[in-house]
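Novice: coordinates for the following, if possible.
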Amino acid sequence: MNQGLRRLRFPLLALGFLALLLGMWAGLLRIGWDLPRLRGAFPASHGPLMVSGFLGTLIGLERAVALGQAWSYSAPLLTGLGAVALILGLPSQWLMVLGSLGFVAVFLAIVRRQTTVFTIAMAGGAVAWFVGNLLWAAGTPLFRAVPWWIAFLTLTIAGERLELSRLVRLSAGSRSAFVIALGLFSVGIVVSPFWFMGGLRISGVAMVALALWFLLQDIARRTVREPGLPRFTAICLLSGYAWLGLSGLATLFFFGEPAGPRYDAILHTFFLGFVFAMIFGHAPIIFPAILGLPLSFQPSFYAHLILLHLSLALRVASDLLLWIPGRRWGGLLNVLALLVFLGNTLRARRRG
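Specialist: Take a look at the predicted model:
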């Protein structure tokens, strides 16, 4: 059974990366690049492909590997198949819903094994992903589901970082400040269906508070002094926290616009600046753990990190200045940064 599960990891990871590649294609169509369309509504698939198809499948697979139970692989399998159905224009939303429900079950098992603040936070992220997918499947406007997807990733990453913070022996006051900021963020998301603007402004304030907490307390402040992979990972994390703070400020001031350039700035400071900086930093650790294959750190990793930040800065500045050509070129360079990341990761795998 274990060998069969190990073989299953490769196709599941491939489904996730297929969702990433086609999600980027749909994203370029959305910002105005004249590219072939798989189907008429394909550009609208960008968000669900990136969040549930790629990120959900990747995180679900990571947790299934950690849990080590055969049933837990159903979550990334369902979301991966949901991504394929979405690409083909087939009914896919309920596959994503079932996959995220399976992910909730995974975290119930994890919390049962280890009941701590960080496992509860990550379990809350799993529930938020399920709620977001449920809203999307029910036909709710997508901008209503997006805050729940943001909560999924915020709570998941926050829980992971709090787990690692045990290595620096946080004071009781620091730990309490983290719990308060995370609780405030969760309250904002939970009340957003009933008080949309107020709830999102609360969550925006909490995102700024979390970013400041990470910048001041995260272990990356220490590991950035170490050479090689620890420094690279730390730089990824610290730069990602800065984007989280900017996304919180943008949420606070601009979330009354559920479309357009400023909405684009809110989403991509979070999903590209924060989330992908986390992925870049953890990829050399996560991929060997998932696949059981070595992956060596390469100085060329800085290329995709720098390109991501510069291209995102161009995109966000263009959003705020309403400069459409700059936004389009920033989006294209965002895609190039992710492609360079994939290329550098494959090269590092070949070098072992």
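Novice: give me the nearest residue to the most centrally placed residue in the chain, chain neighbours excluded.
Specialist: The residue lying closest to the centre of the chain (C-alpha atoms, centre = their mean) is residue 275, at 4.2 Å. Nearest non-adjacent residue to residue 275, counting by C-beta to C-beta, 6 or more residues apart in numbering: residue 153, 5.4 Å away. (C-beta placed from N, C-alpha, C; glycine too.)
Novice: what's the closest non-adjacent residue to residue 38?
Specialist: residue 87 (6.6 Å).
Novice: sorry, back to before: what residues are up against the residue nearest to the centre of the chain?
Specialist: Contact analysis of residue 275 by C-beta atoms under 8 Å, 6 or more residues apart in numbering lists 55, 153, 157, 240.
Novice: which one of these has the most neighbours?
Specialist: residue 240 (28 neighbours; other C-beta atoms under 10 Å).
Novice: go ahead and confirm that one touches residue 270.
Specialist: No - counting by C-beta atoms under 8 Å, residue 240 does not reach residue 270; the two are 9.9 Å apart.
Novice: the residue nearest to residue 275: which element?
Specialist: In the assignment (DSSP states H and E), residue 153 maps to helix 142-164.
Novice: need the contact list for residue 340.
Specialist: 303, 304, 307.
Novice: pretty sure the last one sits against residue 330.
Specialist: Translated: residue 307. No - with contacts counted by C-beta under 8 Å, residue 307 stays clear of residue 330, the gap being 11.1 Å.
Novice: higher neighbour count, the two?
Specialist: residue 330 (24 against 18).
Novice: what residues are up against that one?
Specialist: Here residue 330 is in contact with 311, 312, 313, 314, 315, 316, 318 (C-beta under 8 Å, 6+ apart).
Novice: helix, strand, or coil at it?
Specialist: Using DSSP: H, G, I helix; E, B strand; the rest coil, the structure places residue 330 in helix.
Novice: so how far is residue 272 from it?
Specialist: 10 Å (C-beta to C-beta, to the nearest Å).
Novice: anything in contact with each of those two?
Specialist: Contacts common to residue 330 and residue 272, judged by C-beta under 8 Å, 6+ apart, are residue 312.
Novice: on that earlier part again, list the buried residues of the helix holding residue 153.
Specialist: 142, 144-163 (16 or more other C-beta atoms under 10 Å).
Novice: the residue nearest to residue 38 is in contact with residue 49, isn't it?
Specialist: Yes - using C-beta under 8 Å, residue 87 is in contact with residue 49, at 7.3 Å.
Novice: so these two - more neighbours on which side?
Specialist: residue 49 (27 against 22).
Novice: can you pull the contacts of the more buried one?
Specialist: Counting by C-beta under 8 Å, 6+ apart, residue 49 has contacts 19, 20, 22, 23, 26, 83, 86, 87.
Novice: and those residues, which is closest to residue 169?
Specialist: Nearest to residue 169, judged by C-beta to C-beta, of these is residue 20 at 37.2 Å.
Novice: wait, that closest one touches residue 338, no?
Specialist: Yes - under the criterion of C-beta under 8 Å, residue 20 makes contact with residue 338 at 7.2 Å.
Novice: follow-up on the earlier one: which among the contacts of residue 340 gets closest to residue 138?
Specialist: Looking across the contacts of residue 340 and measuring by C-beta to C-beta, the closest to residue 138 is residue 304, at 36.9 Å.
Novice: helices and strands around the helix or strand harbouring that closest one, which ones?
Specialist: Under the criterion of DSSP H and E, residue 304 resides in helix 301-321. Where contact means 3 or more C-beta pairs under 8 Å, 6 or more residues apart in numbering; DSSP states H and E, helix 301-321 is packed against helix 229-254, helix 261-268, helix 277-291, helix 324-351.
Novice: assign the residue nearest to residue 104 when sequence neighbours are not counted to helix, strand or coil.
Specialist: Distances taken as C-beta to C-beta, 6+ apart place residue 126 nearest to residue 104, at 4.6 Å, with adjacent residues excluded. On the three-state scheme (three-state DSSP), residue 126 is labelled helix.
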